[in-house]
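Student: Could you look at this predicted model? Sequence included:
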Amino acid sequence: LAKTTQPISMDSYEGQEVNITCSHNNIATNDYITWYQQFPSQGPRFIIQGYKTKVTNEVASLFIPADRKSSTLSLPRVSLSDTAVYYCLVGDWDTGRRALTFGSGTRLQVQP
Amino acid sequence: EPEVTQTPSHQVTQMGQEVILRCVPISNHLYFYWYRQILGQKVEFLVSFYNNEISEKSEIFDDRFSVERPDGSNFTLKIRSTKLEDSAMYFCASSATSGKTDTQYFGPGTRLTVL
């Protein structure tokens, strides 16, 4: 399982773009990169997933360089409600091993 | 949007007692999971369940833990002989398929307090 490293915490202000970078130097060929969000006292919530290049949905964008050794979650124009912990997960969930392994995540604090 | 639901939201029990945590996964999903999160710590995988059997479990899921899908809609986690260290938030999750891009949908959690 690829080890991931991401900042422990980040601070931002409302309306700013936030970029959270995750390092995964030993990512395997078949691994996908997935980001989850967790609000206090709630279950994690899927945000976005990608394999390479760029993926965008209504919530966020995910940028993955060609070597795939890192990825960046981009949240456009954050609001106070984006205050949460963001987890980067890397794995190949088609192998029969479906368990998600969460790290400590990045605690994002958005201020007015 | 379909959601995973869990009951109760908070369960308090005495050490040594048995508890059953209940989950209703999203209706067309085939894979079911339990995770837990001790206060201030990481979300930890406990067990996955498919086709009426456990497909994967972690070291945390010892012989005091069991899972069941009793009626085709509910998915339960039973903990026997509860210990103080079982106190945690327990999350149920479900997913639809076995594909690489499958997403796990988590419920709101049950906070278990063992006294």
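Tutor: Yep, that arrived.

Student: What pLDDT is listed against A:R97?
Tutor: In this prediction, A:R97 carries a pLDDT score of 69.

Student: Can you give the contact residues for stretch A:104-111?
Tutor: Residues lying outside stretch A:104-111 but in contact with it, judged by C-beta atoms under 8 Å, 6 or more residues apart in numbering or on different chains, are A:6-14, A:18, A:20, A:38, A:75, A:78-88, B:42. For the C-beta atoms, the positions are set from N, CA and C on the backbone; glycine is no exception.

Student: Please indicate which of these are buried?
Tutor: If you count burial by 16 or more other C-beta atoms under 10 Å in any protein chain shown, the buried members of the contacts of stretch A:104-111 come out as A:6, A:12, A:18, A:20, A:38, A:75, A:78, A:82-88.

Student: how far away is B:K57 from B:L77?
Tutor: Using C-beta to C-beta, to the nearest Å, we find B:K57 at a distance of 12 Å from B:L77.

Student: List the residues that contact the closest residue to chain B within chain A.
Tutor: When C-beta to the nearest C-beta is the measure, chain A has its nearest residue to chain B at A:G43, with 3.0 Å between them. When the contact criterion is C-beta under 8 Å, 6+ apart, the partners of A:G43 are B:4, B:91, B:93, B:106-109.

Student: ok, A:T56 - how many residues close by?
Tutor: Burial measure for A:T56: 13 neighbouring residues, criterion other C-beta atoms under 10 Å in any protein chain shown.

Student: count of residues packed around the residue nearest to it when sequence neighbours are not counted?
Tutor: Distances taken as C-beta to C-beta, 6 or more residues apart in numbering or on different chains put A:L62 closest to A:T56, at 7.6 Å, once the chain neighbours are dropped. Using other C-beta under 10 Å as the criterion, A:L62 is surrounded by 23 other residues.

Student: pLDDT value on the residue nearest to the residue of chain A closest to chain B when sequence neighbours are not counted, please?
Tutor: For A:G43, the nearest residue in space outside its immediate sequence neighbours is B:F106; the separation is 3.0 Å by C-beta to C-beta, 6+ apart. Predicted confidence (pLDDT) for B:F106: 96.
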